[in-house]
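Novice: Next one to model:
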Amino acid sequence: MSDQAGPSGAGGASGGATAGDQALAELLSGGGFAVYPLSWCPHLESMPSTTPEHVSVTAQCEECGDAEENWLCLCCHTIHCSRYKNSHCVAHSEANDHCLALSFSDLSAWCYGCDSYVDNELLYPVKNAAHKDKFGEEMLKPDYGDASQGAGPTFRMV
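Specialist: Below you'll find the model as predicted:
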């Protein structure tokens, strides 16, 4: 049995590395980073107990009408554009002390007060509503474990 990779492997018939292999090796050896969201932040306690039944991820910013990169305020459920458009979500957060917002681009939650992404079970209902609007199906529910102990979410089929 040969120890060389087959047609879909790195070696192939030529026995040498391809340009694609070299590019991948360079990419993997680079100084990349990973983003780890907070599993809890104190601003989660300021969220209302009700979640909107429907979230329209194509809704426009309530201030400028932009519809490209918007966020949902998780405190009052208003929609504002990102810091990369006209910064209306940032201004809303500062003016109203509403720290948590949900991105319609990637369905991540950001806390302006903690300056960090947050992923907590309390956010699942609104993230799921946005996911259903964006993709037409339920979001896979993470197994959050004991978020108060700083455990990050794990995913499982339910």
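
Novice: can you pull out the strands in the chain?
Specialist: Secondary structure of the chain, counting by DSSP state E: strands at 70-73, 79-81, 100-103, 109-111, 116-118, 142-143, 154-155.

Novice: Can you tell me the centre-most residue of this structure?
Specialist: residue 108 (2.7 Å; CA atoms, centre = their mean).

Novice: just for the protein, where's the confidence low?
Specialist: Counting by pLDDT under 70, the chain shows low-confidence ranges at 1-17, 27, 146-158.

Novice: In it, what residue spans correspond to helices?
Specialist: Here the chain has its helices, by DSSP state H, at 19-29, 88-96, 124-135.

Novice: Could you dump those helices into TSV and include distance to residue 46?
Specialist: Bear in mind the C-beta positions are built from the backbone N, C-alpha and C, glycine included. Conversion of those to TSV gives the following (distance: least, CB to CB, whole Å):
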stretch	distance to residue 46
helix 19-29	40
helix 88-96	11
helix 124-135	14
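
Novice: In JSON lines: those, plus distance to residue 76 and mean neighbour count.
Specialist: Listed next are the helices of the chain as JSON lines, based on distance: least, CB to CB, whole Å; neighbours: other CB atoms under 10 Å:
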{"stretch": "helix 19-29", "distance to residue 76": "42", "mean neighbour count": "10"}
{"stretch": "helix 88-96", "distance to residue 76": "7", "mean neighbour count": "17"}
{"stretch": "helix 124-135", "distance to residue 76": "12", "mean neighbour count": "18"}
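
Novice: among those helices, which is nearest residue 63?
Specialist: Residue 63 sits nearest to helix 88-96 of all the helices of the chain, at 4.5 Å, using CB to CB.

Novice: Mind listing residues that contact the closest one?
Specialist: 61-64, 70-71, 73, 75-76, 78, 80-83, 98-99, 101, 112 (CB atoms under 8 Å, 6 or more residues apart in numbering).

Novice: Now for residue 82: which residues touch it?
Specialist: Contact analysis of residue 82 by CB under 8 Å, 6+ apart lists 69, 70, 71, 89, 103, 105.

Novice: and residue 54, which of the helices of the chain is closest to it?
Specialist: Going by CB to CB, the one of the helices of the chain nearest residue 54 is helix 124-135, 6.3 Å.
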